[in-house]
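J.: quick one, what's the 3D model for this:
(2 chains)
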2 protein chains.
Amino acid sequence: MADQLTKRAENYSQWYNDLVVKADLAEQSAVRGCMVIKPYGYAIWEKMQHTLDSMFKETGVKNAYFPLFIPKSFFSREAEHVAGFAKECAVVTHHRLMNDPGGNGVVVDPEAKLEEELIVRPTSETIIWSTYKNWIKSWRDLPILCNQWCNVVRWEMRTRPFLRTAEFLWQEGHTAHLTAEEAQERALQMVNVYADFARNCLALPVIVGHKSPNERFAGALDTLTIEAMMQDGKALQSGTSHFLGQNFARAFDVKYADKDGGLQYVWATSWGVSTRLMGALIMAHSDDNGLVLPPKLAPIQVVMVPIYKTMEERERILARMASLRAELEADGHSVEIDDRDTLRPGFKFAEWELKGVPVRLAIGPRDLEAGTVEVHRRDTMEKQTVELSTIVGSIEALLDDIQQNIYRKALEFRASNVEKCDDWDEFKAKIGTGKFLLCHWDGTTETEQRIKDETKATIRCIPIDSFVCEEEGKDILTGKPSHRRVVFAIAY
Amino acid sequence: MADQLTKRAENYSQWYNDLVVKADLAEQSAVRGCMVIKPYGYAIWEKMQHTLDSMFKETGVKNAYFPLFIPKSFFSREAEHVAGFAKECAVVTHHRLMNDPGGNGVVVDPEAKLEEELIVRPTSETIIWSTYKNWIKSWRDLPILCNQWCNVVRWEMRTRPFLRTAEFLWQEGHTAHLTAEEAQERALQMVNVYADFARNCLALPVIVGHKSPNERFAGALDTLTIEAMMQDGKALQSGTSHFLGQNFARAFDVKYADKDGGLQYVWATSWGVSTRLMGALIMAHSDDNGLVLPPKLAPIQVVMVPIYKTMEERERILARMASLRAELEADGHSVEIDDRDTLRPGFKFAEWELKGVPVRLAIGPRDLEAGTVEVHRRDTMEKQTVELSTIVGSIEALLDDIQQNIYRKALEFRASNVEKCDDWDEFKAKIGTGKFLLCHWDGTTETEQRIKDETKATIRCIPIDSFVCEEEGKDILTGKPSHRRVVFAIAY
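T.: The predicted structure is shown next:
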């Protein structure tokens, strides 16, 4: 249980790895760098998917499905994209196995070599734009607003569950537009959808901003990002939205006939969030007792634990709990009764705390007589005895309060760890201590790189909300003039 | 539009291929054998997914996610499974591309060869049972009831959209049990879930039965199937559920400690349906005018087409339609108003018929004055003028009636094409004419194979519902004794 969980203060990284496994979220598979997402972890991801999917659809986006495989030659079409994506990837070279002539299992059939190798998609811009070429003839065919929920593969050398895995699950939206302005508005709209989702569902305060040119998606003219602060003060890039200009339209020759009959290249965006959000959720809120889940994403919102000595007490309490569950479920809450008879209540309490269930209700024989119930909230670990007759009516407000409190706590944590910094020595002293530093930057990739080389800090974003950064100043390193502060941090 | 659609009587196969493309369901991609599922087609698949997913969860199943890749050696573990699945598959041999030293795009980096090749999953029994080994220690850990929604790849030589593609989408359930009986019950339960879904949602009459040993899933002790009749009288296997015995538990050494402390191998099932159901849906109900969609799966249930000459008429009619849509949507129906101003109503009618929208409402200026609306139902192509004030209240019943009617029509079609047959010459004459023949079979693989070699017909199933087949008789070919009839047909 929780006492086997490494403490955050001892080893934050180990605490995270422990928690992912002990809370039954995911585990390493037999395949290097690929994880198994266990039912409890997957249930959280499903809730994220359902909420995001509805939000996308409200903006007119429709789901579709494009192939897993991409012909190798497609990656050579867009120069920057190939540099960024066609390197560490899974390459399919053959399409058949055969019995080992030596009698030792199966081997690759050398006769079944593909004419052109196929790449397991690391992202789908190329295959999708090769498809859009068939869909787009005239201005009437635009905009196209497609999204797909799928798996992608990037051959990472060092992997961590949810944060960086060879295979991961994500959604990728790919839109096609008449004008640059319309595409830029869509890119901004979608990063704001991500920000709303992060704040309202994940209870995660995020900073929305532009990436510096150096940190842009390979092939993008602009990358918007949501950046979150984890409890160790490091930044986690949690979602990105790209304005791709006409780069992919040019690479795949996608043009539309405008109203005057002229041919124009189409403008593009793409945007995605992944199972990395699971990592953000875990690292932002959880504690030394285990997961802390915002009620909106908790697979189980309320767990009930009966306290009894005799079987007769057990029966009576479980009967009362069953009717309570029916009422709570009728109100749309997800409820579990922990009626396992071989475990002590204290063990159960610790287990549900580890799994981050927002509300625990315990009822013993004396509660039943007195008409009371013990209510425990996971976020604050506070216990309170309340009247049983009022619990159904008050649970909604309690869950709301927990959702808000988790967000507020994360916001306060971030507020106390964001600082303006105007001195290079101070920067070097503080950047490794878990701070986001708001600093002036001269706008050059060269300076950004020097800062990264010396301190490992990167520009997380040039914020467009969360902080007022427009002001005149001097670059933290070079002293050259700057018109606004940007966010520096050490990132995952 | 529909007049470009090949007629079923002319060329059923071409009609199907045409319809998939013209109704905007799917198209061939740039990757051999892989299709793009377009938004309209994907919306139907999403409805199938949501319904099935709820049905699974009601039986206690939870979703999870397992890796895309399977180490090659895993396939050698279960002898029959390797023969059935580890042959035509996508093999990943390298994990990196590099710039072509000759300056010609990118090439596979020969240094980045994997130590062991990875197979893109054709089905996941092996990787899942290698995982279950870690999850199962004691009888208390059972049953495990997991499902995953994912993509799989089987390198098919001849592909057809939805029916047989290299990559396809599916769900695969994998359960682990204490006893053979419990596993067998689960396999039966899930094939019945599929049958209920096919009948109630897809409006598809299916025959539930056992596969003959020869047609079983590779590694199964028993395969249950749902078999549907298409409009050409051919059979389409639409879903299967397997009792796997202890084969995978033995292959991956998965044992549980029973209550007496002994170690027992675990019993297994697996079951799946795929995007092939899209093919079944299309081929079972659609006609020479296009798709016919059961209302429960139609992305758009009601489409409204305004009929007008002047802009003033257009405005008035669209205003009335907007309020009608709001009422229909409030009742949970999906509605679209076709307000495109550049197309004639007749063109729109044909397009929505092609796309299979169950109900079309047309309103013209005289309708508005008279308080009427023209109601067209796609299944019968019948038109009726009804009072506008009653339409909202009657639409639910109309959609129900359409759903029932589509099922009834398919059931009647099947009834008129299923025959008992007891004579070998008659069998040979009739089997190629689009019939399911209920025949006696002596139970041997040898006879089954001879019948297949001579006529291409296979035993689709040994029915356990739909037809009473228990009776004494003589094998259709060999004349040997038989205790029940089985279903023979030509299959997709």
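J.: which residue would be the closest one in the stretch 201-350 of chain A to chain B?
T.: When distances are taken as Cβ to the nearest Cβ, the stretch 201-350 of chain A approaches chain B most closely through residue A:342, which lies 8.2 Å from it. The way it works is simple: take the backbone N, C-alpha and C, and place the C-beta from them, glycine included.
J.: just give me the neighbour total for that residue.
T.: Under the neighbour criterion other Cβ atoms under 10 Å in any protein chain shown, residue A:342 is assigned a count of 6.
J.: how about the helix or strand of chain A with the lowest mean pLDDT, does it get close to chain B?
T.: Least confident helix or strand of chain A, by mean pLDDT, DSSP states H and E, is helix A:79-85 with a mean of 74. Yes - with Cβ under 8 Å from any Cβ of the partner chain as the measure, helix A:79-85 is seen reaching chain B through residue A:82.
J.: give me the below-cutoff pLDDT ranges for chain A.
T.: In the predicted model of chain A, residues A:1-3, A:86 satisfy pLDDT under 70.
J.: let's see it at 80
T.: Applying pLDDT under 80 to the predicted model, the residue ranges of chain A that meet it are A:1-3, A:78-86, A:103-104.
J.: can you list the domains in it?
T.: What the record gives for chain A is the domain set A:2-285, A:300-400, A:418-489, from automatic domain parsing.
J.: quick revisit: list of residues touching the least confident helix or strand of chain A?
T.: With contact meaning Cβ atoms under 8 Å, 6 or more residues apart in numbering or on different chains, helix A:79-85 is reached by A:75-76, A:122-123, A:125-126, A:154, A:217-219, A:247-248, A:251, B:105-106.
J.: can you tell me the strand partners of whatever helix or strand comes next after it and which way each runs?
T.: Taking DSSP states H and E as the definition, the helix or strand that follows helix A:79-85 towards the C-terminus is strand A:88-99. When sheet partners are counted by DSSP bridges, strand A:88-99 sits next to strand A:106-108 (antiparallel), strand A:113-120 (antiparallel), strand B:88-99 (antiparallel).
J.: list the buried residues of the first one.
T.: When burial is assessed from 16 or more other Cβ atoms under 10 Å in any protein chain shown, strand A:106-108 yields the following buried residues: A:106, A:108.
J.: touching that strand from outside, list them.
T.: Defining contact as Cβ under 8 Å, 6+ apart, one finds that strand A:106-108 is touched by A:94, A:96-101, B:72, B:75-76, B:82, B:86, B:91, B:93, B:117.
J.: just the buried residues from these, in ChimeraX please.
T.: Only the buried entries of these go into this ChimeraX selection, using 16+ other Cβ under 10 Å:
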select /A:94,96,97,99 /B:72,75,76,82,86,91,93,117
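J.: residue B:446: which of the strands paired with strand A:88-99 is closest?
T.: strand B:88-99 (26.3 Å; Cβ to Cβ).
J.: now that closest one, how far from the centre of its chain.
T.: Relative to the centre of its chain, strand B:88-99 is centred 31 Å away, using Cα atoms, centre = their mean, to the nearest Å.
J.: what is the neighbour count of residue A:261?
T.: 7.
J.: which SS state does it fall under?
T.: Following DSSP: H, G, I helix; E, B strand; the rest coil, the label given to residue A:261 is coil.
J.: circling back to that earlier point, tell me how far the least confident helix or strand of chain A lies from the chain's centre.
T.: 24 Å.
J.: same thing with stretch A:64-78?
T.: Computed by Cα atoms, centre = their mean, the separation of stretch A:64-78 from the middle of its chain amounts to 24 Å.
J.: buried ones in that stretch?
T.: Those buried within stretch A:64-78 under the rule 16+ other Cβ under 10 Å are A:64-72, A:74-78.
J.: for the stretch 301-450 of chain A, what lies in contact range of chain B?
T.: Counting by Cβ under 8 Å from any Cβ, no position of the stretch 301-450 of chain A is adjacent to chain B.
J.: quick one, helices of the stretch 251-400 of chain A?
T.: Along the stretch 251-400 of chain A, the segments classed as helices by DSSP state H, counting those that start in this stretch run A:276-285, A:311-330, A:345-354, A:365-370, A:391-415.
J.: the stretch 101-250 of chain A too?
T.: A:125-135, A:180-200, A:247-251.
J.: neighbours around whichever residue of the stretch 151-300 of chain A sits closest to chain B, how many?
T.: Here the stretch 151-300 of chain A gets closest to chain B at one residue, residue A:155, 4.3 Å apart by Cβ to the nearest Cβ. In terms of burial, residue A:155 registers 22 neighbours under the definition other Cβ under 10 Å.
J.: residue A:47 now?
T.: By the criterion of other Cβ under 10 Å, residue A:47 has 18 neighbours.
J.: quick check: residue A:62 vs residue A:486, distance?
T.: 36 Å (Cβ to Cβ, to the nearest Å).
J.: what is the burial count for residue A:121?
T.: 25.
J.: out of the helices of the stretch 101-250 of chain A, which is the most enclosed?
T.: Stretch with highest mean neighbour count among the helices of the stretch 101-250 of chain A: helix A:125-135 (a mean of 23; mean count of other Cβ atoms under 10 Å in any protein chain shown).
J.: export that one as PDB, just CAs?
T.: Output in PDB follows, covering the C-alpha atoms of helix A:125-135 (Å, rounded to 0.1, in the frame of the first residue of the first chain):
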ATOM      1  CA  GLU A 125       0.400  14.900 -41.400                       C
ATOM      2  CA  THR A 126       1.900  13.200 -44.500                       C
ATOM      3  CA  ILE A 127      -0.600  10.400 -45.000                       C
ATOM      4  CA  ILE A 128      -3.500  12.700 -44.200                       C
ATOM      5  CA  TRP A 129      -2.400  15.500 -46.600                       C
ATOM      6  CA  SER A 130      -1.900  12.900 -49.300                       C
ATOM      7  CA  THR A 131      -5.600  12.000 -48.700                       C
ATOM      8  CA  TYR A 132      -6.800  15.500 -48.600                       C
ATOM      9  CA  LYS A 133      -5.500  16.000 -52.100                       C
ATOM     10  CA  ASN A 134      -8.400  13.800 -53.200                       C
ATOM     11  CA  TRP A 135     -10.900  15.600 -51.100                       C
END
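J.: count of residues packed around the closest residue to residue A:211 other than its chain neighbours?
T.: Leaving aside its sequence neighbours, residue A:211 sits nearest to residue A:223 (Cβ to Cβ, 6 or more residues apart in numbering or on different chains; 4.0 Å). Using other Cβ under 10 Å, residue A:223 has 25 neighbouring residues.
J.: my guess is residue A:223 contacts residue A:208, does it?
T.: No - when contacts are counted by Cβ atoms under 8 Å, residue A:223 is not listed as touching residue A:208 (11.8 Å).
J.: what sits against residue A:27?
T.: The neighbourhood of residue A:27, defined by Cβ under 8 Å, 6+ apart, consists of A:20, A:21, A:35, A:36, A:38, A:161, B:131, B:134.
J.: which strand or helix spans it?
T.: Since the elements are taken from DSSP H and E, residue A:27 ends up inside strand A:26-28.
J.: that strand pairs with which strands, parallel or anti?
T.: Sheet pairing for strand A:26-28, using DSSP bridges, gives strand A:35-37 (antiparallel).
J.: possible to save the strands paired with strand A:88-99 as a markdown table with distance to residue B:15?
T.: Compiled in a markdown table, the strands paired with strand A:88-99 are given as follows (distance: least, Cβ to Cβ, whole Å):
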| stretch | distance to residue B:15 |
| --- | --- |
| strand A:106-108 | 40 |
| strand A:113-120 | 31 |
| strand B:88-99 | 28 |
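J.: right, and the ones you listed - which one's nearest residue B:480?
T.: strand B:88-99 (35.6 Å).
J.: can you report how many residues neighbour the closest residue to residue A:466 other than its chain neighbours?
T.: Counting by Cβ to Cβ, 6+ apart, residue A:207 is the residue found nearest to residue A:466 once chain neighbours are left out, at 4.4 Å. Counted with other Cβ under 10 Å, residues neighbouring residue A:207 total 24.
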